[in-house]
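*Asks:* Sequence and predicted model, in that order:
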Amino acid sequence: MRKPRSAPSKASQAGPPRQGGPAPRRGIQSVEIGFRVLAALAAEPVPATLGALAGRAQLSASQTHRYLASLIATGMAHQDPASGRYALGPQAIQVGLAALARTDVFAMADPAVAAFTHDTGRTTLMAARGPLGPTIVRWHAGRVPVITSLSVGSVLPFVGSATGHAFLSFMGADEAAGARDGRAPAPASRRDVDLAAIRNDVRAAMAASVDELLIPGLRATAVPILDIQERAALVITVMATPAFDRGEDDAVVAALKAVCRGLTHAIGGQWPATR
């Protein structure tokens with residue numbers, strides 16, 4: 001007499017166990033493609049043609065047109081009736097503003113800067129613009145300590161520090177002149193500074209560097225994290241003493257720029273592509 005077959009266990013029905021962690025979640029492909037078109041719209045600095053959007057989204061023109069029709073219907077996109085060009089719609093702007101309101105740039109930047117400090121061994125500081133000027137809000141000590149009177153809460157000069165130069169360079173020209181001079185009449189040494197030259201140099205390099213200008217024996221390079229208005233939300237400054245090889249400075253600064261560029265994009269800002 002045959003024995004009745006036992007029902008397969010749940011484990012056998014599920015197949016062999018997965019290796020390397022959980023499998024990626026399945027999504028809806030049409031939604032993913034729709035967001036590719038939406039991202040293409042967001043990446044265009046001005047209203048764009050159908051062909052430009054199709055090329056950026058890597059889709060055919062007909063497929064892009066169908067997705068744009070759905071985005072327009074939901075208010076995520078808008079088509080100018082005169083030119084036929086496409087731009088982000090009012091609903092997309094509302095979503096973007098809501099995301100910006102929930103973005104904590106300090107919380108995002110701090111672990112990234114800590115990792116940069118660990119990787120390079122260089123001391124770094126994070127500064128925000130306070131009522132008295134650029135103010136240190138975080139200090140990450142490197143492998144070789146930087147002995148200085150600066151600490152969290154210290155206010156740096158707009159003129160005379162790499163951090164200050166980075167802030168000045170991403171303000172309006174009139175605002176920068178006012179920040180440089182302060183409320184009181186500016187001393188001759190500050191009036192003689194070529195502010196326009198500083199701003200042009202920093203914006204071209206996307207970094208501000210000083211060598212023993214603020215503190216003897218200390219060289220520093222500051223890189224901004226830019227917000228949606230292309231202003232410095234925070235400035236990250238890497239410092240070095242003579243204990244560090246100057247020949248390594250370019251690679252360290254390039255790494256810091258990569259960190260700040262990534263954080264700029266994460267908070268909705270635009271890193272200037274032509275610089």
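*Replies:* On my side now, so go ahead.

*Asks:* His78 sits in which helix or strand?
*Replies:* strand 77-79 (DSSP states H and E).

*Asks:* Name the residues of whatever helix or strand comes next after that strand that come out as buried.
*Replies:* Once the chain leaves strand 77-79, the next helix or strand it forms, by DSSP H and E, is strand 86-88. By neighbour count on 16 or more other C-beta atoms under 10 Å, the buried set for strand 86-88 is Tyr86, Ala87, Leu88. Just so you know, the C-beta spots here come from the backbone N, C-alpha and C atoms, and that holds for glycine as well.

*Asks:* residue ranges of the strands in this protein, please?
*Replies:* Listed in chain order, the strands of the chain (DSSP state E) span 77-79, 86-88, 123-130, 133-140, 208-211, 219-226, 232-240.

*Asks:* Next up, the contacts around the closest residue to Thr221 other than its chain neighbours.
*Replies:* Excluding its sequence neighbours, the residue lying closest to Thr221 (C-beta to C-beta, 6 or more residues apart in numbering) is Ser209, at 4.4 Å. Contact analysis of Ser209 by C-beta atoms under 8 Å, 6 or more residues apart in numbering lists Ala162, Arg219, Ala220, Thr221, Ala222, Val253.

*Asks:* So what's the residue count around the last one?
*Replies:* So that's Val253. Counted by other C-beta atoms under 10 Å, the residues lying close to Val253 total 20.

*Asks:* What distance do you get for it to Ile225?
*Replies:* 15 Å (C-beta to C-beta, to the nearest Å).

*Asks:* Also Thr237?
*Replies:* As judged by C-beta to C-beta, Thr237 and Ile225 stand 12 Å apart.
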